[in-house]
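Student: predicted model and sequence below, questions to follow.
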Amino acid sequence: MSYITRPATPFLDQRPGTSGLRKRVDVFQQPGYLDNFVQALFDVLPDAGGKTLVVGGDGRYFNRVAIQIILRMAAAKGYARVLVGRDGILSTPALSAVIRRRGASGGIVLSASHNPGGADGDFGIKYNIANGGPAPEAVTEAIYRRSRDISMIHAVEAADLPLDSLGTHHLLHTRIEIIDPVADYAEVLRGLFDFDAIRGLFQRGFRLRLDTMWAVGGPYARTLLEGELGAPPGTVVHGQSLEDFGGLHPDPNPANAIDLIEHLRAPDAPDMGAATDGDADRNMIVGRNFVVSPSDSLAVLAAHATRIPGYKAGLAGVARSMPTSTAIDRVARKLGIACYETPTGWKYFGNLLDAGKVTLCGEESYGTGSDHIREKDGLWAVLFWLNLIAVTGESVESLVRSLWREHGRCVYSRHDYEGIPTDQADALMRDLRSSLPRWKGQVLAGEPVIIADDFSYTDPTDGSTSERQGVRIVLQGGSRVVFRLSGTGTQGATLRIYLEHHEPDPARHDLPAQEALAPLVAVAEHVARVKHWTGMSAPSVMT
Ligand code: G1P
Ligand code: ZN
């Protein structure tokens, strides 16, 4: 075994987006493509002597190949120890837990989250720092700059390591430990929830259908729910972790998890449904014939947090991404705690969590989490709901309805326009930005516009500023329309339009969301001229 250095030609398109570098698998399969990015990462990181790196992914196609490349390069970088999940598997939340529990200096997550997998699908790579969370923008930008002038790749020459059983190997001076992918994570959850109460719920016949969408959540959910918590076998469906997610789009929303929605609509529906995504950090919660919006889910968890052992001391504060509904703001006001508004992407929550300013946080994109790790956490959210149902005796629907009764309903929807040619999407956003001064004070949907701006965020802990994080049109009554381009897609551009309307009148809480939001949809078209710029007259997906 020896060190080798190979010349490299840089790739110029390796700028990480909302959540790491995501590209189609065939892009990653180009010789040297992954190596180039990993070398850029290692060049940006300080000396690795004495340090531990964690590596794992959601098991999608190319995961195993990528891990072997990374291990050979990590040994050349000089890590003392690399921890790898068995079979190369670590869900994103589990990887975060391992970094924190084992005192690692960082970790590499191999995932394209909810994007489809398989040879024709997507792949992704993301670096997480010592707190267990995604590297902040300053680090990802440094990696990008470095990736553009890599000239040498450093690795060790060695055969592939067996990843399929627990054990220890050596690559020159680096100890490679193959670890149980579930153990550390399970231990963290045991410390937060009342497992006996949840066990009691299942003993009393409570029925859950948890759809892990043929993705990495399966092994975790089976071990914890069907194993430890006594949920009947069959509670976890699509539970095997497959390289191509069985051809499904592992994104837990009503459009992609249609099978789950139908089961929860059936006459013999289980009491609760839930789904997790490709890397098990997202979650969708469904009651009997009742879909919970992610923003409402976050607000319900915050409102009742003190009933859960891990949060009984109360919440320091909460945070949501800017486009996420203001339901949580209303709960925070009542609890007398701060509510922070950050740009889209989990990386912005890290500093607030580290500083102890917030305990719970979440996004409208089916992401919820807390200070137990530094990633959003799908199974955590499911256990939180189960624990809550066990101690309150209420149903999913009644918990959400009490939230609405107390604070009004934040009617919410996101409209995605996918596959827009990039130049057209950029032109739309440019035009929209330049039109902003025109809207302030105008009456739209019957109300004056009080804010028309491009969201900018200054981190209260380190003063770093992130600009151009989404165009907002806010009306006097608080209704809003937000526009931004996705930073996780791999084909063309995706325009996301977020719509929120606050409805205090309980008599109107059952109006279908799309109907209640129709005036705001018209506002969106009026200010952004979506049809003109994209040629599309309807969104590709509404959630
Ligand atoms: C999307 C979501 C965002 C989430 C990210 C990673 O990013 O909108 O909330 O943090 O995926 O899961 P986007 O494609 O909008 O940039
Ligand atoms: Zn994900």
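Tutor: Alright, I've got the coordinates. Ligands and ions are numbered 1, 2, ... in the order given.
Student: kindly confirm my reading that A155 is in a helix.
Tutor: No - under DSSP: H, G, I helix; E, B strand; the rest coil, A155 falls outside any helix and is assigned strand.
Student: so what sits opposite it in the bridge?
Tutor: Taking DSSP bridges as the rule, A155 bridges to I4.
Student: isn't it up against A76?
Tutor: Yes - A155 is in contact with A76 according to Cβ atoms under 8 Å; the separation is 5.0 Å. In short, each C-beta sits where N, CA and C put it, glycine included.
Student: any common contacting residues for the two?
Tutor: Listed as contacting both A155 and A76 by Cβ atoms under 8 Å, 6 or more residues apart in numbering are Y3, I4.
Student: between the two ends of stretch 73-84, how far is it?
Tutor: When the termini of stretch 73-84 are compared using Cα to Cα, to the nearest Å, they are 14 Å apart.
Student: go on, stretch 98-111?
Tutor: Using Cα to Cα, first and last residues of stretch 98-111 are 16 Å apart.
Student: check whether it comes near ligand 2.
Tutor: No - counting by Cβ under 5 Å from the ion, ligand 2 is not contacted by stretch 98-111; separation bottoms out at 6.6 Å.
Student: mean confidence (pLDDT) on that stretch, please.
Tutor: Taken as a whole, stretch 98-111 has an average pLDDT of 98.
Student: give the buried residues for it.
Tutor: V98, I99, R100, R101, A104, S105, G106, G107, I108, V109, L110, S111 (16 or more other Cβ atoms under 10 Å).
Student: turn those into a markdown table, including secondary structure.
Tutor: Output for these, formatted as a markdown table (three-state DSSP):
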| residue | secondary structure |
| --- | --- |
| V98 | helix |
| I99 | helix |
| R100 | helix |
| R101 | helix |
| A104 | coil |
| S105 | coil |
| G106 | strand |
| G107 | strand |
| I108 | strand |
| V109 | strand |
| L110 | strand |
| S111 | coil |
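Student: the helices in the stretch 51-200 of the chain, which residues?
Tutor: 63-77, 92-101, 137-147, 183-190, 195-203 (DSSP state H, counting those that start in this stretch).
Student: which elements pack onto the first one?
Tutor: I take that to be helix 63-77. helix 33-44, strand 52-57, strand 81-89, strand 106-110, strand 152-157, strand 167-171, strand 174-179 (3 or more Cβ pairs under 8 Å, 6 or more residues apart in numbering; DSSP states H and E).
Student: residues from the stretch 251-400 of the chain in reach of ligand 1?
Tutor: Contacts of the stretch 251-400 of the chain with ligand 1, taken as Cβ under 6 Å from any ligand atom, map to S321, T344, G345, W346, E363, S365, G367.
Student: mind checking which of those residues are in helices?
Tutor: Using DSSP state H, the subset of these located in helices is empty.
Student: against K126, how distant is the closest residue to ligand 1 within the stretch 1-150 of the chain?
Tutor: Residue of the stretch 1-150 of the chain nearest ligand 1, by Cβ to the nearest ligand atom: T18 (3.4 Å). Separation of T18 from K126 (Cβ to Cβ, to the nearest Å) stands at 10 Å.
Student: could you do R22 as well?
Tutor: 9 Å.
Student: report the buried members of the residues of the stretch 251-400 of the chain next to ligand 1.
Tutor: Buried among these (16+ other Cβ under 10 Å): S321, T344, G345, W346, E363, S365, G367.
Student: excluding its backbone neighbours, what's nearest the second one?
Tutor: What it means is T344. S321 (4.7 Å; Cβ to Cβ, 6 or more residues apart in numbering).
Student: OK, contacts around that neighbour?
Tutor: E341, T342, P343, T344, G345, Y348, G362, E363, E364, S365.
Student: if we use 7 Å, what do you get?
Tutor: Applying Cβ atoms under 7 Å, 6 or more residues apart in numbering, one finds that S321 lies in contact with T342, P343, T344, E363, E364.
Student: which element is the nearest residue to the last one once chain neighbours are set aside on?
Tutor: With Cβ to Cβ, 6+ apart as the measure, T324 is the residue that lies nearest to E364, at 4.2 Å, once sequence neighbours are left out. Using DSSP states H and E, T324 falls within no helix or strand.
Student: just to revisit the earlier point, have a look at T18 and K126 and say which one is more surrounded.
Tutor: Per other Cβ atoms under 10 Å, whichever of T18 and K126 has more neighbours is K126, with 27 against 18.
Student: so what's the residue count around the closest residue to that one other than its chain neighbours?
Tutor: The spatial neighbour of K126 that comes closest, neighbours along the chain excluded (Cβ to Cβ, 6+ apart), is G20 at 2.8 Å. Neighbour count for G20, taken as other Cβ under 10 Å: 24.
Student: any idea which residue of the stretch 301-450 of the chain lies closest to ligand 1?
Tutor: Of all residues in the stretch 301-450 of the chain, the one sitting closest to ligand 1 is S365 (3.5 Å; Cβ to the nearest ligand atom).
Student: so how far is the helix or strand harbouring L403 off the chain centroid?
Tutor: Using DSSP H and E, L403 sits within helix 396-407. In terms of Cα atoms, centre = their mean, to the nearest Å, the centre of helix 396-407 is found 25 Å from the chain centre.
Student: if you count neighbours, what's buried in that helix?
Tutor: So, applying 16+ other Cβ under 10 Å, buried residues of helix 396-407: V396, E397, L399, V400, R401, L403, W404, H407.
Student: what residues does this structure put near ligand 2?
Tutor: S113, D277, D279, D281, R282.
Student: from the residues of the stretch 251-400 of the chain next to ligand 1, which ones fall inside strands?
Tutor: By the criterion of DSSP state E, membership of these in strands covers S321, E363, G367.
Student: out of those, who's nearest A130?
Tutor: G367 (21.6 Å; Cβ to Cβ).
Student: what sits up against stretch 126-143?
Tutor: Here stretch 126-143 makes contact (Cβ under 7 Å, 6+ apart) with 16, 19-20, 40-41, 44, 95-97, 99-100, 104-109, 346-347, 350, 354, 373-375, 464, 466.
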